[in-house]
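> The sequence isn't on hand, but the structure is:
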């Protein structure tokens, strides 16, 4: 059976931490991961951000958020979750990934 995963990237509007969101529609859950590649670019572009205590604290909190899979039965539930954390539906575009 083919599994369809959906993937989108966004930068959190309050913490400015880049995330990747994975949605497994077959299994009914979503997970977040820090977008390390984009994070590296952000840190290079913003002098001193890597030494900013508040930003480092937000990165540590992001690690905890990324450890948990969240139940999510539909895109509607997924967008509701994103809105609760401050990310608008118009700020993410999902692409499908087929896993065999």
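Done, it's in. Computed from a predicted model, the values in this text were never measured in an experiment.
> what comes into contact with the longest helix along the chain?
Using DSSP state H to define each element, the chain has its longest helix at helix 53-66. By C-beta atoms under 8 Å, 6 or more residues apart in numbering, the surrounding residues in contact with helix 53-66 are 15-17, 19, 31-34, 49-50. The way it works is simple: take the backbone N, C-alpha and C, and place the C-beta from them, glycine included.
> Identify those among these that sit within strands.
19, 31-34 (DSSP state E).
> Would you format those as a markdown table with neighbour count included?
Output for the ones in strands among the contacts of helix 53-66, formatted as a markdown table (neighbours: other C-beta atoms under 10 Å):
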| residue | neighbour count |
| --- | --- |
| 19 | 22 |
| 31 | 17 |
| 32 | 21 |
| 33 | 15 |
| 34 | 16 |
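> Greatest separation within those residues: which pair is it?
31 and 34 (11.4 Å; C-beta to C-beta).
> The helix or strand bottoming out on mean pLDDT in the chain: which residues count as buried?
Lowest by mean pLDDT, DSSP states H and E among the helices and strands of the chain is strand 95-99, with a mean of 82. By neighbour count on 16 or more other C-beta atoms under 10 Å, the buried set for strand 95-99 is empty.
> Run me through the strand neighbours of it, direction for each.
strand 3-11 (antiparallel) (DSSP bridges).
> May I see the buried residues of the partner strand?
Buried residues in strand 3-11 (16+ other C-beta under 10 Å): 5-6, 8-10.
> which stretches of the chain have low pLDDT?
Within the chain, the ranges that satisfy pLDDT under 70 run 1, 99-100.
> circling back to that earlier point, what's the spacing between the helix or strand that the longest helix of the chain is followed by and its chain's center?
Counting by DSSP states H and E, the next helix or strand C-terminal to helix 53-66 is strand 70-71. How far strand 70-71 lies from its chain's middle: 13 Å, per C-alpha atoms, centre = their mean, to the nearest Å.
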